[in-house]
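Peer 1: I'd like to go over a predicted model; first the sequence, then the structure.
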Amino acid sequence: MSSNELIVGAAALGLANHAYFRRFEPGNAHHPVITVVLQSFLLVGALHYLDPERPLTLFSALRDYITAFFVLVSTLTASIFTYRLAPWHPLAHVPGPLGAKLSKVYMLRHAVTGQRSKVLKALHDQYGEVVRIGPNEVSIASAEAITSVLGAGGYPKGPFYKYWGDPTFPAGNLLTLTGEPHTHRRRIWNRGMTASSLKDFEAILSLRMTLMLERFDGFAAEQKPVDLAEWCNYLTVDFMGDVAFGGGFELMRDGEDRDGMFRIVKMGIKAMSIQAQMPWISPTLKLLPGFKEVPERLHEFSNSRAEARVKAGAKTHKDMWYHLMDEEGKETRRPTLAEVIIDGGLAIVAGSDTSAMTLASFLWRMLMHPEIHARVRAEVDKVYPDGEGILSSDKHNELVFLSACLSETLRMHPPVPSGGSRRVPSGQAKVVSGTLIPDNTDVFVPTYAIQLSPKNFYPAPESFDPDRWLRAHSSSDGEVDGEVLNQAAFVPFSFGPANCAAKNLAWREVTMACAALVRRYDMSFVKNGGGERWADEVKDFYVNQCDDMMVDIRLRDEFKV
Ligand code: HEM
């Protein structure tokens, strides 16, 4: 075999590898790398076997190896790129930026910088409702996609979700499950969210709110600036700890994340949000030393909380554990301890940052729009003239304007702004938003882009206008003089069988906290603290993450003694 034959052989192998990987999608990064390394090695071995007269020195063997490896990898890459841009690619008819068609690296870099949701919105503004955002991925920003992709007759969760669980646990959590296992586990979750369960959780929340108000009274007395965003997080973490494990987190009492656990959780979410863009990289990264440290710490932490909960038993109010563990024995197959621990951990992760971001965004909007703030406060004062009942949800339906402000907050600042993917199963290609979405495509339905589209919210979709919700409610068909408010396009809690499992709990939680804080305190951004730009700095790491929001807190005059 001459050098020419080596080159032709390596190129043929490159093409054969592409054909193989197209048919059998690699589940990790290390197997393809090992395969390519080994194949180059075997090719050089074959060269020397077939041409025994070829000089065999360390130098010539190395040179042949490098040539074979380089040609194989280059042909494989060129073949992949050519196919991805070819007119016969199944997604050739979907418009999108060239970089995204070629490689997932295009969206990966936006995931790393937390700009994914904003980039998706810009791409939809440029290319329309259906955009190709990866070699095999599309984003569809339309109300139609919400029902036909996320709804009951839609598609199962895609590989994006595969690694959101804890690799140190044998069971997957609710977020990672799809199909029948998801339906089964979701039934148990739903049982934990009935009206009577919500009342139990509300009683737990009112205790936490009382503590928050005590702490804020203290800051007001000391005239000490407070990181409002951080304290929103302390509230929601402490509350989720109570709900999921019957207690144990005391961030508000300590006034800090003492053992750094929640900083780790945030880092973990950020890392996962980046990996989820290339799910096949996860199994490879897990082989690296130190990589399991974060999940292992979380595992130990959840385990210790679970042990404490098991020892303590159910308290006066039934917590989530009670339902997840099926302590009433309603299931034929009772959940295992591992399943309950991992779902308890999920409740902390899924329920704390989302609610905290909603609360912080609402309060930021109040600080930015004093005239709207004044109207919310007037309503709260009217509904709770002496404060009686403010830590219960009984009168929440009377907080009409506050609810409109919360809806507008969740429209403009959805805490999960771009979401995860659904994968079209083989044989289930269908037309969505006028475009054929072929088999095996990963489909994203980006909440932020949909909720800021003038097709769904008009006029001024990028302005904070809570009254749009009131105007729409006052008309019988939801339409007012050329205005658009498409309720079907309002999905901050997602949609369909895998929508937020605790939507009603979350709504009560943030309503109660907003009402109590607005009623009791005057707040203002600390001078030169950059608070006015807070929302611009929010990053999309699947769940939004934010910087400090430093505010001065004062008791309203009527509460001063
Ligand atoms: C305002 C606050 C909240 C918002 C905006 C929110 C939003 C969402 C969204 C958009 C999803 C779907 C994510 C996806 O498919 O990728 C989701 C799922 C979920 N959320 Fe929430 N959430 C909130 C609060 C909570 C709370 C308090 C809990 C607490 C227990 C919770 C538990 C869950 C769970 C378990 C799932 C997974 C559901 C499934 O896959 O079946 N969320 N949430």
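Peer 2: Okay, I see it. Residues are numbered from 1 along each chain as shown.

Peer 1: and the one helix or strand residue 197 maps to, which residues are buried?
Peer 2: Counting by DSSP states H and E, the element that carries residue 197 is helix 195-222. Judged by neighbour count (16 or more other C-beta atoms under 10 Å), helix 195-222 contains these buried residues: 197-198, 200-202, 204-205, 208-209, 212-213, 215-216, 219-220. Placement of C-beta: from N, CA and C, glycine included.

Peer 1: Could you do stretch 76-88 as well?
Peer 2: Result for stretch 76-88 [16+ other C-beta under 10 Å]: buried residues 76, 79-80, 84.

Peer 1: circling back: tell me what the helix holding residue 197 is packed against?
Peer 2: Applying 3 or more C-beta pairs under 8 Å, 6 or more residues apart in numbering; DSSP states H and E, one finds that helix 195-222 contacts helix 228-245, helix 251-254, helix 503-520, strand 550-555.

Peer 1: Please repeat the previous calculation with a cut-off of 10 Å.
Peer 2: strand 226-227, helix 228-245, helix 251-254, helix 320-324, helix 503-520, strand 521-525, strand 550-555 (3 or more C-beta pairs under 10 Å, 6 or more residues apart in numbering; DSSP states H and E).

Peer 1: by how many degrees do the fifth one and strand 550-555 diverge?
Peer 2: Yep, that's helix 503-520 we're talking about. Relative orientation of helix 503-520 and strand 550-555, computed by axes from the mean of the first three to the mean of the last three C-alpha atoms, to 10 degrees: 70 degrees.

Peer 1: want to try TSV for the buried residues of stretch 76-88, with secondary structure, pLDDT and distance to the ligand as columns?
Peer 2: Formatted as TSV, these follow (DSSP: H, G, I helix; E, B strand; the rest coil; pLDDT from 0 to 100; distance: C-beta to the nearest ligand atom, whole Å):
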residue	secondary structure	pLDDT	distance to the ligand
76	helix	94	33
79	helix	95	33
80	helix	94	28
84	helix	96	26
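
Peer 1: Out of those, which two sit at the greatest distance?
Peer 2: For these, with distances taken as C-beta to C-beta, the pair at the greatest spread is 76 and 84 (12.6 Å).

Peer 1: Report the buried residues of the longest helix seen in the chain.
Peer 2: Taking DSSP state H as the criterion, the chain has its longest helix at helix 337-368. For helix 337-368, a neighbour-count test (16+ other C-beta under 10 Å) marks 339-367 as buried.

Peer 1: Stretch 122-131 too?
Peer 2: Going by neighbour count (16+ other C-beta under 10 Å), the buried part of stretch 122-131 is 123-124, 127-131.

Peer 1: In TSV: the helices and strands packed on helix 195-222, plus mean pLDDT.
Peer 2: As requested, the helices and strands packed on helix 195-222 are exported to TSV (pLDDT from 0 to 100):
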stretch	mean pLDDT
strand 226-227	96
helix 228-245	93
helix 251-254	94
helix 320-324	81
helix 503-520	97
strand 521-525	96
strand 550-555	96
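
Peer 1: What's the separation between residue 363 and the ligand?
Peer 2: Taking C-beta to the nearest ligand atom, to the nearest Å as the measure, residue 363 falls 14 Å from the ligand.

Peer 1: Up against the ligand, what does the stretch 151-300 of the chain have?
Peer 2: 174-175, 186 (C-beta under 6 Å from any ligand atom).

Peer 1: By neighbour count, which of those residues wins?
Peer 2: Within these, neighbour counts (other C-beta atoms under 10 Å) peak at residue 174, which reaches 21 neighbours.

Peer 1: Per-residue confidence, it, what does it come out as?
Peer 2: We have a pLDDT of 91 for residue 174.

Peer 1: Pull the residues that contact stretch 451-459.
Peer 2: For stretch 451-459, the external contacting residues (C-beta atoms under 10 Å, 6 or more residues apart in numbering) are 117-118, 121, 124-125, 129, 141-143, 408, 410-414, 417, 446, 449-450, 460-463, 465, 468, 472, 482-492.

Peer 1: Work out the gap between it and the centre of the chain.
Peer 2: Distance, stretch centre to chain centre, for stretch 451-459: 22 Å (C-alpha atoms, centre = their mean, to the nearest Å).

Peer 1: Begin at 16, not 1, for the rest of this chat.
Peer 2: In the new count, where the first residue is 16, that last one comes out as stretch 466-474.

Peer 1: re the thing from before, quick one, the longest helix of the chain and strand 536-540 angle?
Peer 2: Relative orientation of helix 352-383 versus strand 536-540 (the same axes, to 10 degrees): 80 degrees.

Peer 1: now helix 352-383, how far from the chain's geometric center?
Peer 2: Distance, centroid of helix 352-383 to centroid of chain: 11 Å (C-alpha atoms, centre = their mean).
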